[in-house]
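Undergrad: Got a predicted model here, sequence first, then my questions.
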Amino acid sequence: MALGVLHCGAPSPSGSAPNVLLVTLDTLRADHLGVYGFEHATSPEIDALAEAGVVFERAIAAASLTTPAHASIMTSRFTREHAIGPNNGGAALRDETTLARVFRDHGYATAAFVSNLLLKAKFGLGAGFDTFDDELTTPEINRPLVVERRAADTTERALAWLSQAGDGPFFLWVHYQDPHGPYTPPPPDDERFRIPPAPGEQALPVKEGRDAIPAYQALDGLRLPSQYRSRYAGEIFYADRWVGRLVEAVAAHDPSRPSVVLLTADHGESFGENGRYFSHTHTTTPDVARVPMILRAPGLAPGRSSDLVHHVDVLPTLLDLAELPIPPEARGLPLARFVREGRSLPDRTVYCDIGRELSAYRGDSFLWVRDADAVPVRRWARFLWSPEGWSRQPGRSPLPEAVREYTARSAPVNRLPPPDEEMKRRLEALGYAEP
């Protein structure tokens, strides 16, 4: 199908229908962006976007796993409610209503450009996209079977599509693998930051488990946590440059048509919390659950919100801004509507969930449920949480009924056939092979 051509039977969008850009970055901690208080200048372009938009200070990821988190973004369903479930590489969306499907059904051109092996079309995230570009050719330095695409290449593909997108409105999703480890930004960004060592900082061994550098993250001659944080900061700075070029190109594509931009991340990264360094698949606590979420849209006054928001809010927010219907099964909220009306979001529980463990976030606390796949659940603890940190509360409160009901929930997982040998080796290299 030619780019920009309406689908047969699709309603023709109005001339004021906005172009919509969704940017997701892999493994990006909110607290390492300037707009979220980081003291080093890692994110001038994202910070500029934030100055013109709304910054959600308490945004929670659906999972600390790439595929389930993006599935929640695209379907507005929590991890236990979509066909991927907590599987990272072993399941695919089936026939769920997705963000791209709604846009396409209402006459939008739709395109996606992804950079992670676990977002390839076989996992169903391409549903509804006229163009779904998942060509990955760059191997990681420590895992040659794990291929990715760097931010420059992904952006160039997206800009090439944009140059041919025509005059009608579009929905464009661009996913950046940077700053996922290994933290190897190209020069000069690999040496751009020198984050000082923390008091008493010790060199770490290279091995799997706690108080160690995972083997896939190991960089020659680097053993101090501050050295890895410096490289991570360089990764963010490198990706930030390309985010800026993409956002600028979308705004300039058709100045007569408004544009909406929403930027978030699939999950964060542990930097020593609970003894875990430079990893993210192991838990659901705020180090991996807190993500940036920034929204710029016409008529939306710049500002900051301390309301608790979640990946499931992406779909209803973007559809509402385009004046398109929100599917009744969506679990999220249209955030811009609340911001414009000066209303706080309703009190609710949202989940970061990896199957065997979940954290239920509500208000200024979260329940950390350690055996979330057991019946009945037996281990949980309550923590007070703020973007500055969290602390365990003494005693043991009852497990709320809403959380108990959620842990028992399970959508039928659409498991993929067993992977071929090459894909199995790739998943094993990622540490994501399914049982």
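TA: Happy to help now that I have it. Numbers count the residues shown, from 1 in each chain.
Undergrad: what ranges do the strands span in the stretch 301-435 of the chain?
TA: Along the stretch 301-435 of the chain, counting by DSSP state E, counting those that start in this stretch, strands occupy 303-310, 350-353, 358-362, 365-369, 380-386, 389-392.
Undergrad: Mind putting those into a markdown table with distance to residue 404 and mean pLDDT?
TA: Every residue, glycine included, has its C-beta placed from N, CA and C. As requested, the strands of the stretch 301-435 of the chain are exported to a markdown table (distance: least, Cβ to Cβ, whole Å; pLDDT from 0 to 100):
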| stretch | distance to residue 404 | mean pLDDT |
| --- | --- | --- |
| strand 303-310 | 20 | 97 |
| strand 350-353 | 13 | 98 |
| strand 358-362 | 10 | 97 |
| strand 365-369 | 10 | 96 |
| strand 380-386 | 10 | 93 |
| strand 389-392 | 21 | 91 |
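Undergrad: Could you check how many residues crowd around residue 215?
TA: Residue 215 has 12 neighbours, counted by other Cβ atoms under 10 Å.
Undergrad: Repeat that for residue 106.
TA: Neighbour count for residue 106, taken as other Cβ under 10 Å: 21.
Undergrad: same question, residue 143
TA: Residues lying near residue 143 (other Cβ under 10 Å) number 18.
Undergrad: I figured it hits residue 215, correct?
TA: No. Judged on Cβ atoms under 8 Å, residue 143 makes no contact with residue 215 at a distance of 9.0 Å.
Undergrad: List the buried residues for stretch 185-197?
TA: The neighbour-count criterion (16 or more other Cβ atoms under 10 Å) identifies 185, 189-190, 192-193, 195 as the buried residues of stretch 185-197.
Undergrad: contacting residues around that stretch?
TA: For stretch 185-197, contacts defined as Cβ atoms under 8 Å, 6 or more residues apart in numbering pick out 40, 42, 150, 178-179, 184, 224-226, 229-231, 233-235, 237-238.
Undergrad: how does it look with 6 Å?
TA: Contacting residues not belonging to stretch 185-197 are listed as 40, 224, 226, 229-230, 233-235, 237-238 [Cβ atoms under 6 Å, 6 or more residues apart in numbering].
Undergrad: what does stretch 410-417 give?
TA: By Cβ under 6 Å, 6+ apart, the residues outside stretch 410-417 that reach it are 80-83, 85, 90-92, 94.
Undergrad: gap between the two ends of that stretch?
TA: End-to-end span of stretch 410-417 (Cα to Cα, to the nearest Å): 20 Å.
Undergrad: Spit out the contact partners of the nearest residue to residue 330 once chain neighbours are set aside.
TA: Closest residue in space to residue 330, ignoring its immediate chain neighbours: residue 76 at 3.7 Å, by Cβ to Cβ, 6 or more residues apart in numbering. Taking Cβ under 6 Å, 6+ apart as the contact definition, residue 76 lies against 312, 315-316, 330-332.
Undergrad: before we move on, back to that, which members of the contacts of stretch 410-417 are classed as buried?
TA: Neighbour-count burial (16+ other Cβ under 10 Å) applied to the contacts of stretch 410-417 gives 80-83, 85, 90-92.
Undergrad: Now the two most distant members of those residues.
TA: 81 and 90 (17.3 Å; Cβ to Cβ).
Undergrad: quick one: residue 106 and residue 325 touch, right?
TA: No. Here residue 106 does not reach residue 325: they are 8.4 Å apart, not a contact under Cβ atoms under 6 Å.
Undergrad: Residue 149: neighbour count?
TA: Residues lying near residue 149 (other Cβ under 10 Å) number 24.
Undergrad: Tell me the confidence at the closest residue in space to it that isn't next to it in sequence?
TA: Excluding its sequence neighbours, the residue lying closest to residue 149 (Cβ to Cβ, 6+ apart) is residue 115, at 4.1 Å. On pLDDT, residue 115 comes in at 97.
Undergrad: residues in contact with residue 115?
TA: By Cβ under 6 Å, 6+ apart, the contact set of residue 115 is 148-149, 154, 175-177.
Undergrad: Any chance of TSV for those residues, columns secondary structure, pLDDT and distance to residue 410?
TA: Below are the contacts of residue 115 laid out as TSV (DSSP: H, G, I helix; E, B strand; the rest coil; pLDDT from 0 to 100; distance: Cβ to Cβ, whole Å):
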residue	secondary structure	pLDDT	distance to residue 410
148	strand	92	31
149	coil	96	33
154	helix	98	34
175	strand	98	27
176	strand	98	31
177	coil	96	30
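Undergrad: Tabulate those residues (a markdown table), appending distance to residue 129.
TA: Shown next, in a markdown table, are the contacts of residue 115 (distance: Cβ to Cβ, whole Å):
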| residue | distance to residue 129 |
| --- | --- |
| 148 | 20 |
| 149 | 16 |
| 154 | 15 |
| 175 | 12 |
| 176 | 17 |
| 177 | 18 |
